[in-house]
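Trainee: Fold the following for me, if possible:
(4 chains)
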2 protein chains.
Amino acid sequence: MDSPLTPTSYAILGLLAVRSWTPYELAKQVRRGLGWFWPRAERKLYDEPKRLVAAGFATATDERTGRRPKTVYAITPAGRRALRRWLGEEPAPPTLEIEALVKVFFADGGTLDQLRGTLHSVAATAQSRTAELRAMIDGVLEGPYEFEARMPTNALALRFSLGMEDAMAQWADWALAQTSGWQSTTDVAGWDWRAALT
Amino acid sequence: MDSPLTPTSYAILGLLAVRSWTPYELAKQVRRGLGWFWPRAERKLYDEPKRLVAAGFATATDERTGRRPKTVYAITPAGRRALRRWLGEEPAPPTLEIEALVKVFFADGGTLDQLRGTLHSVAATAQSRTAELRAMIDGVLEGPYEFEARMPTNALALRFSLGMEDAMAQWADWALAQTSGWQSTTDVAGWDWRAALT
DNA sequence: AACTGGATACTGCCCTGTGCAGTATCCAGA
DNA sequence: TCTGGATACTGCACAGGGCAGTATCCAGTT
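Mentor: All right, here's what the predicted structure looks like:
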């Protein structure tokens, strides 16, 4: 029960530092922001706050909407101190899970069409994710925004996500151009991989 | 037991399509290549091949080095067909887990030094990971390489990793420049987040 | 010839995290 | 009144991570 808190615990604690939430609201908020660099299943967001309560970093308040109960979590002073401490610790190196790249890496076991299909998929995904980010930015730029005070750090993170999606799109376009002359995934018709790596 | 195979199963199957390996060798190989976009704990690489054998996609051969036993896994024709089929399926969207960004996102709960420390850490990690990639590339460019035939698709994947690391380094440098005039994480001294987002 | 340390070759166990099914209630609109 | 989507959870099975523990092998040292 008192196993050490995980980065996920601190991510939730960070959200509680902004305001109080029900787990359901946390889930919506994670989809909007945090999920771009710390994705977690909705399921987890019901367990994690309980651990924060057990650690004394949050409180749980039972409320109700009519007859339907809900639990509102709020941060404690000890929670804010713990968050502050954690913010100064060395972060773990990044972890990327990109199924598309596995398919590119082993593309020589399949057809050229399959490889190029995967590359098109990467480009399309990056474009639609970029559009999502841009829509969020437009929304914030226009209207008055609930968390205006948090926009400076928020903007740094948004720029990061835009940069990642842009890099993926750029790479996919580059790879599509490179493979355009290939005869197959194993017969690359004189294409020079050494040149591509320098 | 016959639960559907995961992307991890196909990642291992892809390695077996290149040649036969013991789980220990698989682990080394994953660290070298696949791990950059599909990282898995060594532990997993001892379980996964067993599932491939159960599915009829691989065979296990018990060998020994002196008195110490080892298991060599090899792909079957059905395995190659399964891999080929999988290569044509739509890949899942990318998943990024970046603890440093969580710290940036919630930096307004800590000090400016903490924020800039996190940014320096991102820059340093990206640089050292880039150096690792470059060292691998240099090694391949110089000597005769065991898997020369796989270099075209391998080069596409390597370029991807270089691009990601470069994007992270670029972003970290940009963010350090942006925050250089901040008084604190909440007093940004006239810094315009709107400008940073357009 | 014995000793040491790093590489090889695994397994067990506990924990985190995902995905999905299942159970309710609430509320706006038809 | 009815319906469907949003709200508010829990249980369960499985994927995956990290670490401790158990051996053997082998090259270099003493």
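
Trainee: neighbours around the residue nearest to A:Ala107 when sequence neighbours are not counted, how many?
Mentor: Leaving aside its sequence neighbours, A:Ala107 sits nearest to A:Leu115 (Cβ to Cβ, 6 or more residues apart in numbering or on different chains; 4.1 Å). Backbone N, C-alpha and C define where each C-beta goes, glycine included. For A:Leu115, the count of nearby residues is 26 (other Cβ atoms under 10 Å in any protein chain shown).

Trainee: ok, which stretches of chain A are strands?
Mentor: Secondary structure of chain A (DSSP state E): strands located at A:58-65, A:68-75, A:95-97.

Trainee: Settle this for me: A:Phe37 is touching A:Arg159, isn't it.
Mentor: No. At 11.9 Å, A:Phe37 does not count as touching A:Arg159 under the criterion of Cβ atoms under 8 Å.

Trainee: More neighbours: which of these two?
Mentor: Neighbour tally, A:Phe37 and A:Arg159, criterion other Cβ under 10 Å: the higher count belongs to A:Phe37, 22 against 19.

Trainee: residues in contact with the more buried one?
Mentor: Each residue near A:Phe37 by Cβ atoms under 8 Å, 6 or more residues apart in numbering or on different chains is listed here: A:157, A:160-161, B:96-98, B:101-102, B:105.

Trainee: and if you look at A:Thr59?
Mentor: Neighbouring residues of A:Thr59 by Cβ under 8 Å, 6+ apart: A:53, A:73-74, A:76.

Trainee: for A:Asp108, same thing?
Mentor: Contacts of A:Asp108 (Cβ under 8 Å, 6+ apart): A:185-186, B:149-150, B:152-153.

Trainee: List just the nearest of these to A:Trp86.
Mentor: Of all the contacts of A:Asp108, B:Thr153 has the smallest distance to A:Trp86: 40.5 Å, by Cβ to Cβ.

Trainee: Burial check on the nearest residue to that closest one once chain neighbours are set aside, number of neighbours?
Mentor: Nearest residue to B:Thr153, sequence neighbours excluded (Cβ to Cβ, 6+ apart): A:Ala107, at 4.6 Å. Neighbour count of A:Ala107, defined by other Cβ under 10 Å: 26.

Trainee: shouldn't A:Ala107 be in contact with B:Leu87?
Mentor: Yes. If you go by Cβ under 8 Å, A:Ala107 and B:Leu87 touch, sitting 6.6 Å apart.

Trainee: Could you tell me which residues touch both of these two?
Mentor: In terms of Cβ under 8 Å, 6+ apart, A:Ala107 and B:Leu87 are both contacted by the residues A:114-115, A:118.

Trainee: ranges for the helices of chain A?
Mentor: Per DSSP state H, chain A has helices spanning A:7-18, A:23-32, A:44-54, A:77-87, A:99-105, A:112-142, A:151-179, A:193-196. These are given in chain order.

Trainee: Please identify the deepest-packed of those helices.
Mentor: Mean neighbours per residue, mean count of other Cβ atoms under 10 Å in any protein chain shown, is largest over those for helix A:99-105, with a mean of 25.

Trainee: That helix vs chain B: in contact?
Mentor: Yes. On the criterion Cβ under 8 Å from any Cβ of the partner chain, helix A:99-105 is in touch with chain B at A:99-105.

Trainee: before we move on, what about stretch A:8-20?
Mentor: Yes. Against chain B, stretch A:8-20 shows contacts by Cβ under 8 Å from any Cβ at A:10-11, A:14, A:17.

Trainee: Now tabulate those in CSV and tack on pLDDT and distance to A:Leu83.
Mentor: As requested, the residues of stretch A:8-20 next to chain B are exported to CSV (pLDDT from 0 to 100; distance: Cβ to Cβ, whole Å):
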residue, pLDDT, distance to A:Leu83
A:Tyr10, 98, 6
A:Ala11, 98, 10
A:Gly14, 97, 6
A:Ala17, 97, 6
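
Trainee: Show the low-confidence segments of chain A, by residue range.
Mentor: Chain A contains residues with pLDDT under 70 at A:1-2.

Trainee: who in it is up against DNA strand D?
Mentor: Residues of chain A lying close to DNA strand D by Cβ under 7 Å from any atom of the strand are A:22-25, A:28, A:43, A:46, A:65, A:68-71.

Trainee: Contacts only, for A:Thr186.
Mentor: Contacts of A:Thr186 (Cβ under 8 Å, 6+ apart): A:108, B:149, B:152.

Trainee: one step back: which one of the contacts of A:Thr59 is nearest A:Trp174?
Mentor: Relative to A:Trp174, the closest of those is A:Tyr73; by Cβ to Cβ it sits at 45.3 Å.

Trainee: Could you give the number of residues near that closest one?
Mentor: Residues lying near A:Tyr73 (other Cβ under 10 Å) number 25.

Trainee: Would you check that my belief about it contacting A:Asp47 is correct?
Mentor: No. Counting by Cβ under 8 Å, A:Tyr73 sits too far from A:Asp47 to count as a contact (12.0 Å).
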